[in-house]
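*Asks:* All I have is the shape, not the residue letters:
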């Protein structure tokens, strides 16, 4: 548990977060979760947000910061992280193509302060290579990642081995951060100034040309992640000196069709000092038909994770429209690390057919976010503030709607928000 979270618990919940609770919430009279704060984040033009990095924003404003949410060391403040930047997937000549309207954008860590019903950006830290130059959010490797294109999908962009599609965030207790990335997928250690200290990727990935240290420590099978479904959630366990990370959706193991149909995801524990895994477990996701009748199984995702205590997690499952939090217990589950299911050549794969001797993690519903009125769609960031208070943030995809004939964005109007929710019962 982080020092900031411990401080919040000791100080007594909402007051420690700089918020004021309604009387019914403070006394525990309410029986349902309720929103006690709802703020909209500033959205400066990307050229103003990253001067010297972005020269032409095409009218795109800051967004995507809800990909991660973590309490900072001051009440009412949060660390957040953008994803790879504005991107789209238009169909060009019958083919879907991954577009990057602002390819110079550097994924960034953002510190946000919430005070008196408003939010402001306190600090922005672009991610950088070892030499201090900014990275991009572009695809890394031909054959492993999607081909990157310009805003209109007509011109191919170069691959960038430094590029990151960052998602969740925690602090490292020394001024730096740990992030997860969807491309490799990878676990990324970042210094206080945004320089990437190390990137931990699956064995056999063969990523070359990066301007920072890359280490192949994660199980090789994680390299079979579905496109845009890599590592999405990270939680810190100081007691174990470890991180817990979760794959967003079942691996495409042995193929994409299997991954889309599967409900078996994976959770990994990684040693903070070495970046090497120390445990791996199977996690069964909810059935999409019951979870969100408008969704297919391939739409189910894991987007946030908090460590409650060693082996006990608070984990979010979602579609774009529905989100729920579950308490997860790994202690009775089978540890898969180093076994046959870490080898992509094993048949049948874990994703295709769960063996009878593999015990999955147990889980129980903790908070039905979908039942709380007024919450936005695509909730990706979740932070535990105290035993009965959580904060959530949405990913607004940088407001990407369509582009006019002049190549300027016609904004979707979806804003980035942080909502604080008081629960009727404690999570711990």
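*Replies:* All right, it came through fine. A quick note: this is a predicted structure, and the numbers were derived from the prediction, not measured. Numbering: from 1, shown residues only.

*Asks:* now the helices: where do they sit in the chain?
*Replies:* Along the chain, counting by DSSP state H, helices occupy 3-11, 23-27, 46-49, 256-261, 288-291.

*Asks:* Comparing those by mean pLDDT, which bottoms out?
*Replies:* When the helices of the chain are ranked by mean pLDDT, helix 23-27 comes last with a mean of 37.

*Asks:* roughly how far apart are the spatially closest residue to residue 354 that is not a sequence neighbour and residue 229?
*Replies:* In space, and not counting its chain neighbours, residue 354 is closest to residue 264: 5.6 Å by CB to CB, 6 or more residues apart in numbering. For glycine as for every other residue, the C-beta is placed from the backbone atoms N, C-alpha and C. Using CB to CB, to the nearest Å, residue 264 is found at 13 Å from residue 229.

*Asks:* what do you get for residue 405?
*Replies:* 33 Å.

*Asks:* Just want to know which of these two has more residues nearby.
*Replies:* residue 229 (21 against 5; other CB atoms under 10 Å).

*Asks:* Next, the contact list for the more buried one, please.
*Replies:* Going by CB atoms under 8 Å, 6 or more residues apart in numbering, residue 229 touches 182, 247-249, 259, 301.

*Asks:* go with 10 Å
*Replies:* Applying CB atoms under 10 Å, 6 or more residues apart in numbering to residue 229 gives the contacts 182, 185, 247-252, 259-260, 265, 298, 301-302.

*Asks:* Could you do residue 366 as well?
*Replies:* Each residue near residue 366 by CB under 10 Å, 6+ apart is listed here: 308, 314-316, 324-328, 390, 423, 425, 427.

*Asks:* Which of the residues you listed sits closest to residue 79?
*Replies:* Closest approach to residue 79 among those (CB to CB): residue 390, at 15.7 Å.

*Asks:* Surely the closest one and residue 383 touch.
*Replies:* Yes - the criterion here is CB atoms under 10 Å, and residue 390 meets it with residue 383 at 6.6 Å.

*Asks:* more neighbours, the two?
*Replies:* residue 383 (27 against 24).

*Asks:* where do the strands sit along the stretch 1-150 of the chain?
*Replies:* In the stretch 1-150 of the chain, the segments counted as strands under DSSP state E, counting those that start in this stretch are 34-40, 68-71, 77-81, 91-92, 95-96, 98-99, 108-115, 118-126, 148-149.

*Asks:* between the ones you listed, which gets nearest to residue 166?
*Replies:* That would be strand 77-81 among the strands of the stretch 1-150 of the chain, by CB to CB, at 5.2 Å.

*Asks:* circling back to that earlier point, going by distance to residue 289, which of the contacts of residue 366 wins?
*Replies:* For those, the nearest to residue 289 is residue 324 (14.8 Å; CB to CB).

*Asks:* Counting neighbours, what do you get for the closest one?
*Replies:* Using other CB under 10 Å: residue 324 sits among 18 other residues.

*Asks:* Spatially nearest residue to it (excluding sequence neighbours)?
*Replies:* residue 368 (5.3 Å).

*Asks:* Count the residues that sit near the one you found.
*Replies:* Residue 368 has 13 nearby residues by other CB under 10 Å.

*Asks:* same check, this time on residue 264
*Replies:* 22.

*Asks:* Then residue 365?
*Replies:* Around residue 365 there are 11 residues (other CB under 10 Å).

*Asks:* same deal with the one 5 residues further on?
*Replies:* Residue 370 has 16 neighbouring residues, counting by other CB under 10 Å.
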